[in-house]
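S.K.: One predicted model, sequence on top.
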Amino acid sequence: MANQIESRSISGAKQAFTKLIREALKGHEVIVENAKNHDAEAVSILATEDFMYVLDSGYKFHVEVTDDEDGVAIIVKEIGIFGYGLSFREAKEDLLLNIEEYVKDYFGRSEFFKSIPQRRAHYPYLRRLAACNSTNEMSEVVFECCNSHSMTS
């Protein structure tokens, strides 16, 4: 089966950029490729809403909570980030702070992180988190898979 997504050269995309944006907003993705260097990576132009739908649908977080007499630890398996505290609430606050710092670091040094295969796999998860407008929203995204009944203390 042939690729069903339109492909354009960089120069063709420059000439039709406004049209491509309008098409992307209608749900059409366009792949922009370097016609002179076939080994170069391609770039997709698509609506952010469509991109976020894919991420929200396919990249869910799985949180593991461990507690003992010394405190509570929470780890987000997909990105290997954890938080620790004497209570669930403290551990959650520590976790969210650590995630915020990692998101900033990851996107501040994305070329470095993308060069490490295990860290490259973090991108879709961190991209979801980077779109959050507040710590509360980030918490909702991270803990959406969990039974909130058992995670409110």
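M.R.: Sure, I can see it. None of the values given here were measured: they were computed from a predicted structure.

S.K.: Do a quick rundown of the helices in the chain.
M.R.: Counting by DSSP state H, one finds helices in the chain at the ranges 10-15, 17-25, 48-58, 88-108, 110-114, 117-120, 123-130, 135-142.

S.K.: Look up how far Leu95 lies from Asp70.
M.R.: Going from Asp70 to Leu95 by CB to CB, to the nearest Å gives 17 Å. C-betas here are computed from N, CA, C, even on glycine.

S.K.: for Ser115, same thing?
M.R.: 26 Å.

S.K.: how close does Asp105 sit to Ser139?
M.R.: Taken as CB to CB, the span from Asp105 to Ser139 is 19 Å.

S.K.: between these two, which one's more packed in?
M.R.: Ser139 (16 against 13; other CB atoms under 10 Å).

S.K.: mind listing what the closest residue to the more buried one other than its chain neighbours touches?
M.R.: Leaving aside its chain neighbours, Ser139 sits nearest to Leu96 (5.9 Å; criterion: CB to CB, 6 or more residues apart in numbering). By CB atoms under 8 Å, 6 or more residues apart in numbering, the contact set of Leu96 is Gly83, Thr135, Met138, Ser139, Val142.

S.K.: domains for this structure, by residue range?
M.R.: 6-46, 58-150 (automatic domain parsing).

S.K.: How far off centre is the last one?
M.R.: To tie it back to what came earlier, the one meant is domain 58-150. 11 Å (CA atoms, centre = their mean, to the nearest Å).

S.K.: got any ranges where the protein has weak pLDDT?
M.R.: 1-3, 147-153 (pLDDT under 70).

S.K.: Ala16 reaches Arg8, doesn't it?
M.R.: Yes - Ala16 lies in contact with Arg8 (CB atoms under 8 Å); the separation is 7.1 Å.
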